[in-house]
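1. whatever this is, show me its structure:
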Amino acid sequence: MKDEDILKYNLEKELKISFQAIFSLKEEKIVSYEVFSKFDGENFNDLSTEEIIKKLENLDIVHILDFIVLEKIERYLTEKNISLCINISSKTIVKEEFLERIERLKEGVKNLQIEITERGSFSYTDFIHKIIRLKKMGIKVVMDDFPIASSNLENLLKTHIDGVKLDRELIKYMGNDKGKRIYKKVVDLLKAIGNEITAEGVETEDELNFVKEAGVDLVQGYFIHRPITEEKFIKKLKQKKESV
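-> Residues are numbered from 1 along each chain as shown. You can find the predicted model right below:
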(Lines give C-alpha, C1' and ligand atoms only; values in the text may rest on other atoms or scores of the structure.)
Protein backbone atom coordinates (compact mmCIF):
# COMPACT_ATOMS: atom_id res chain seq x y z
CA MET A 1 0.00 0.00 0.00
CA LYS A 2 1.32 3.44 -0.95
CA ASP A 3 1.42 6.02 1.83
CA GLU A 4 -1.30 8.15 0.24
CA ASP A 5 -3.63 5.14 -0.17
CA ILE A 6 -4.24 5.18 3.56
CA LEU A 7 -6.35 8.31 3.11
CA LYS A 8 -9.03 6.25 1.36
CA TYR A 9 -10.08 4.62 4.62
CA ASN A 10 -12.05 5.71 7.67
CA LEU A 11 -9.26 5.62 10.24
CA GLU A 12 -11.60 6.33 13.14
CA LYS A 13 -13.68 3.27 12.31
CA GLU A 14 -10.63 1.05 11.87
CA LEU A 15 -8.94 2.11 15.11
CA LYS A 16 -9.47 0.23 18.37
CA ILE A 17 -8.12 1.25 21.75
CA SER A 18 -7.09 -0.84 24.75
CA PHE A 19 -6.02 0.00 28.30
CA GLN A 20 -3.08 -1.18 30.41
CA ALA A 21 -2.77 -0.40 34.11
CA ILE A 22 0.17 1.49 35.62
CA PHE A 23 0.88 0.40 39.20
CA SER A 24 2.34 2.55 42.00
CA LEU A 25 4.86 0.70 44.14
CA LYS A 26 4.48 3.21 46.97
CA GLU A 27 0.67 3.26 47.02
CA GLU A 28 0.40 -0.42 46.05
CA LYS A 29 -2.46 0.18 43.66
CA ILE A 30 -3.31 1.05 40.06
CA VAL A 31 -2.97 4.81 39.61
CA SER A 32 -3.54 5.23 35.87
CA TYR A 33 -4.03 3.47 32.55
CA GLU A 34 -2.07 3.85 29.34
CA VAL A 35 -4.19 3.87 26.19
CA PHE A 36 -2.91 1.80 23.26
CA SER A 37 -4.00 2.13 19.65
CA LYS A 38 -4.44 -0.68 17.16
CA PHE A 39 -5.81 -0.71 13.64
CA ASP A 40 -7.97 -3.78 13.57
CA GLY A 41 -10.06 -3.49 10.42
CA GLU A 42 -9.92 -5.80 7.41
CA ASN A 43 -8.50 -3.01 5.24
CA PHE A 44 -5.24 -3.13 7.21
CA ASN A 45 -4.74 -6.88 7.60
CA ASP A 46 -1.35 -6.71 5.88
CA LEU A 47 -0.07 -3.74 7.88
CA SER A 48 0.94 -3.43 11.51
CA THR A 49 -0.18 -0.41 13.53
CA GLU A 50 3.45 0.75 13.60
CA GLU A 51 3.60 0.65 9.79
CA ILE A 52 0.39 2.65 9.52
CA ILE A 53 1.71 5.27 11.94
CA LYS A 54 4.87 5.49 9.84
CA LYS A 55 2.80 6.17 6.72
CA LEU A 56 0.90 8.91 8.54
CA GLU A 57 4.22 10.41 9.62
CA ASN A 58 5.53 10.27 6.06
CA LEU A 59 2.45 12.21 4.94
CA ASP A 60 2.88 14.63 7.86
CA ILE A 61 -0.63 13.86 9.14
CA VAL A 62 0.08 11.77 12.24
CA HIS A 63 -1.96 14.35 14.18
CA ILE A 64 -5.09 12.77 12.66
CA LEU A 65 -4.39 9.59 14.65
CA ASP A 66 -3.66 11.53 17.83
CA PHE A 67 -6.91 13.49 17.52
CA ILE A 68 -8.91 10.28 17.00
CA VAL A 69 -7.45 8.73 20.16
CA LEU A 70 -8.19 11.91 22.10
CA GLU A 71 -11.80 11.84 20.93
CA LYS A 72 -12.18 8.16 21.85
CA ILE A 73 -11.05 8.67 25.46
CA GLU A 74 -12.78 12.01 26.11
CA ARG A 75 -15.85 10.31 27.60
CA TYR A 76 -13.72 8.57 30.23
CA LEU A 77 -11.89 11.69 31.39
CA THR A 78 -14.99 12.88 33.23
CA GLU A 79 -14.98 9.78 35.46
CA LYS A 80 -13.90 10.16 39.08
CA ASN A 81 -10.50 8.83 40.11
CA ILE A 82 -9.52 7.84 36.59
CA SER A 83 -6.23 8.93 35.05
CA LEU A 84 -5.51 8.11 31.41
CA CYS A 85 -2.20 8.41 29.63
CA ILE A 86 -2.07 8.83 25.86
CA ASN A 87 0.91 8.85 23.53
CA ILE A 88 1.11 12.02 21.42
CA SER A 89 3.58 12.83 18.67
CA SER A 90 5.75 15.89 19.20
CA LYS A 91 4.63 17.08 15.77
CA THR A 92 1.05 17.06 17.05
CA ILE A 93 1.90 18.90 20.26
CA VAL A 94 3.31 21.90 18.37
CA LYS A 95 0.01 22.35 16.50
CA GLU A 96 -2.20 25.06 17.96
CA GLU A 97 -5.26 22.96 17.11
CA PHE A 98 -4.06 20.32 19.57
CA LEU A 99 -3.97 22.82 22.43
CA GLU A 100 -7.42 24.07 21.46
CA ARG A 101 -8.78 20.51 21.61
CA ILE A 102 -7.18 20.00 25.02
CA GLU A 103 -8.70 23.21 26.34
CA ARG A 104 -12.16 22.02 25.26
CA LEU A 105 -11.83 19.07 27.66
CA LYS A 106 -12.37 21.53 30.53
CA GLU A 107 -12.54 19.55 33.79
CA GLY A 108 -11.36 16.41 32.01
CA VAL A 109 -7.81 17.72 31.66
CA LYS A 110 -7.04 16.92 35.29
CA ASN A 111 -7.39 13.22 34.48
CA LEU A 112 -5.15 13.34 31.40
CA GLN A 113 -1.48 12.52 31.11
CA ILE A 114 0.50 12.87 27.90
CA GLU A 115 3.42 10.72 26.84
CA ILE A 116 5.55 12.38 24.22
CA THR A 117 7.35 10.57 21.43
CA GLU A 118 10.04 12.58 19.70
CA ARG A 119 10.03 11.41 16.09
CA GLY A 120 10.38 13.55 12.99
CA SER A 121 11.39 17.19 12.62
CA PHE A 122 9.57 20.00 14.41
CA SER A 123 10.20 23.41 15.97
CA TYR A 124 11.82 22.69 19.33
CA THR A 125 11.09 26.21 20.57
CA ASP A 126 7.39 25.77 19.83
CA PHE A 127 7.51 22.34 21.42
CA ILE A 128 8.90 23.67 24.72
CA HIS A 129 6.30 26.48 24.80
CA LYS A 130 3.48 23.99 24.21
CA ILE A 131 4.75 21.72 27.01
CA ILE A 132 4.73 24.68 29.39
CA ARG A 133 1.15 25.49 28.39
CA LEU A 134 0.07 21.89 28.93
CA LYS A 135 1.60 21.88 32.40
CA LYS A 136 -0.18 25.14 33.26
CA MET A 137 -3.45 23.38 32.43
CA GLY A 138 -2.58 20.76 35.03
CA ILE A 139 -1.58 18.02 32.60
CA LYS A 140 1.24 15.69 33.57
CA VAL A 141 3.79 15.28 30.76
CA VAL A 142 5.91 12.14 30.51
CA MET A 143 8.81 11.30 28.19
CA ASP A 144 8.41 7.86 26.65
CA ASP A 145 11.09 5.31 25.67
CA PHE A 146 13.98 6.84 27.63
CA PRO A 147 16.89 6.70 26.81
CA ILE A 148 16.21 5.00 23.46
CA ALA A 149 15.86 6.72 20.07
CA SER A 150 15.24 10.48 20.35
CA SER A 151 14.22 10.49 24.01
CA ASN A 152 17.55 11.66 25.39
CA LEU A 153 18.85 13.53 28.42
CA GLU A 154 19.32 16.86 26.65
CA ASN A 155 15.69 16.93 25.58
CA LEU A 156 14.60 15.87 29.06
CA LEU A 157 16.45 18.76 30.70
CA LYS A 158 15.04 21.31 28.25
CA THR A 159 11.38 20.43 28.30
CA HIS A 160 10.09 20.63 31.92
CA ILE A 161 9.04 16.98 31.88
CA ASP A 162 7.30 15.53 34.97
CA GLY A 163 8.11 11.88 34.48
CA VAL A 164 10.06 9.39 32.42
CA LYS A 165 9.24 5.92 31.15
CA LEU A 166 12.24 3.64 30.91
CA ASP A 167 12.19 1.82 27.61
CA ARG A 168 11.38 -1.88 27.91
CA GLU A 169 14.59 -2.70 26.02
CA LEU A 170 16.63 -1.70 29.08
CA ILE A 171 15.13 -4.34 31.33
CA LYS A 172 16.17 -7.10 28.91
CA TYR A 173 19.76 -6.68 30.06
CA MET A 174 19.14 -7.26 33.78
CA GLY A 175 20.37 -10.82 33.30
CA ASN A 176 23.97 -9.63 33.60
CA ASP A 177 25.71 -7.42 36.17
CA LYS A 178 26.60 -4.70 33.67
CA GLY A 179 23.00 -4.38 32.55
CA LYS A 180 21.81 -4.13 36.15
CA ARG A 181 24.37 -1.42 36.97
CA ILE A 182 23.38 0.63 33.93
CA TYR A 183 19.67 0.39 34.78
CA LYS A 184 20.29 1.50 38.36
CA LYS A 185 22.53 4.38 37.24
CA VAL A 186 19.83 5.61 34.85
CA VAL A 187 17.27 5.52 37.68
CA ASP A 188 19.64 7.38 40.02
CA LEU A 189 20.23 10.06 37.37
CA LEU A 190 16.52 10.60 36.77
CA LYS A 191 15.80 10.79 40.49
CA ALA A 192 18.55 13.37 40.89
CA ILE A 193 16.71 15.70 38.49
CA GLY A 194 13.35 15.08 40.14
CA ASN A 195 11.54 12.84 37.67
CA GLU A 196 8.91 10.24 38.50
CA ILE A 197 10.10 6.99 36.93
CA THR A 198 8.03 4.25 35.30
CA ALA A 199 9.54 0.88 34.45
CA GLU A 200 7.96 -0.49 31.27
CA GLY A 201 7.98 -4.09 30.13
CA VAL A 202 7.91 -5.80 33.53
CA GLU A 203 6.96 -9.38 32.65
CA THR A 204 8.31 -11.56 35.48
CA GLU A 205 8.51 -11.51 39.27
CA ASP A 206 12.31 -11.28 39.07
CA GLU A 207 12.01 -8.16 36.91
CA LEU A 208 9.51 -6.64 39.33
CA ASN A 209 11.81 -7.26 42.30
CA PHE A 210 14.74 -5.78 40.40
CA VAL A 211 13.02 -2.52 39.40
CA LYS A 212 11.72 -2.17 42.98
CA GLU A 213 15.30 -2.45 44.24
CA ALA A 214 16.47 0.00 41.58
CA GLY A 215 14.05 2.58 42.98
CA VAL A 216 11.46 3.19 40.25
CA ASP A 217 8.11 4.69 41.26
CA LEU A 218 5.69 3.01 38.86
CA VAL A 219 5.62 -0.26 36.96
CA GLN A 220 3.84 -1.40 33.84
CA GLY A 221 3.90 -4.70 32.00
CA TYR A 222 2.28 -8.08 31.50
CA PHE A 223 3.26 -9.31 34.97
CA ILE A 224 1.25 -6.46 36.50
CA HIS A 225 -1.65 -6.12 34.11
CA ARG A 226 -2.24 -7.17 30.52
CA PRO A 227 -3.97 -4.68 28.19
CA ILE A 228 -7.76 -4.98 28.19
CA THR A 229 -10.27 -4.06 25.49
CA GLU A 230 -12.38 -0.94 25.69
CA GLU A 231 -15.43 -3.11 26.43
CA LYS A 232 -13.69 -4.69 29.44
CA PHE A 233 -12.50 -1.27 30.60
CA ILE A 234 -16.09 0.03 30.53
CA LYS A 235 -17.18 -3.00 32.55
CA LYS A 236 -14.42 -2.32 35.09
CA LEU A 237 -15.58 1.29 35.47
CA LYS A 238 -19.15 0.13 36.01
CA GLN A 239 -18.09 -2.37 38.68
CA LYS A 240 -16.07 0.34 40.41
CA LYS A 241 -19.10 2.64 40.56
CA GLU A 242 -21.33 -0.12 41.93
CA SER A 243 -18.87 -0.95 44.67
CA VAL A 244 -18.83 2.62 46.00
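2. any idea how far the residue of the chain positioned farthest from its centre is from E213?
-> In the chain, counting by Cα atoms, centre = their mean, D177 sits farthest out from the average C-alpha position, at 29.3 Å. D177 sits 14 Å away from E213, going by Cβ to Cβ, to the nearest Å. The way it works is simple: take the backbone N, C-alpha and C, and place the C-beta from them, glycine included.
3. about what we covered before: what's the separation between the residue farthest from the centre of the chain and E28?
-> 29 Å.
4. so where do the helices sit in the protein?
-> Under the criterion DSSP state H, helices of the chain are mapped to 11-14, 49-58, 62-73, 90-93, 96-103, 124-136, 153-158, 168-171, 177-192, 205-214, 230-243.
5. any idea which of these gets closest to K38?
-> When the helices of the chain are compared by Cβ to Cβ, helix 49-58 sits nearest K38, at 5.1 Å.
6. so what touches the closest one?
-> Residues from elsewhere that reach helix 49-58 (Cβ atoms under 8 Å, 6 or more residues apart in numbering): 1, 3, 6, 37-39, 44, 47, 62, 64-65, 89, 91, 119-120.
7. only the buried subset of these, as a ChimeraX command please.
-> Of these, the buried ones can be selected in ChimeraX as follows, counting by 16 or more other Cβ atoms under 10 Å:
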select :6,37,39,44,62,65,89,91,119
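8. just checking, which of the contacts of helix 49-58 belong to strands?
-> Among the contacts of helix 49-58, the ones falling in strands (DSSP state E) are S37, K38, F39, S89.
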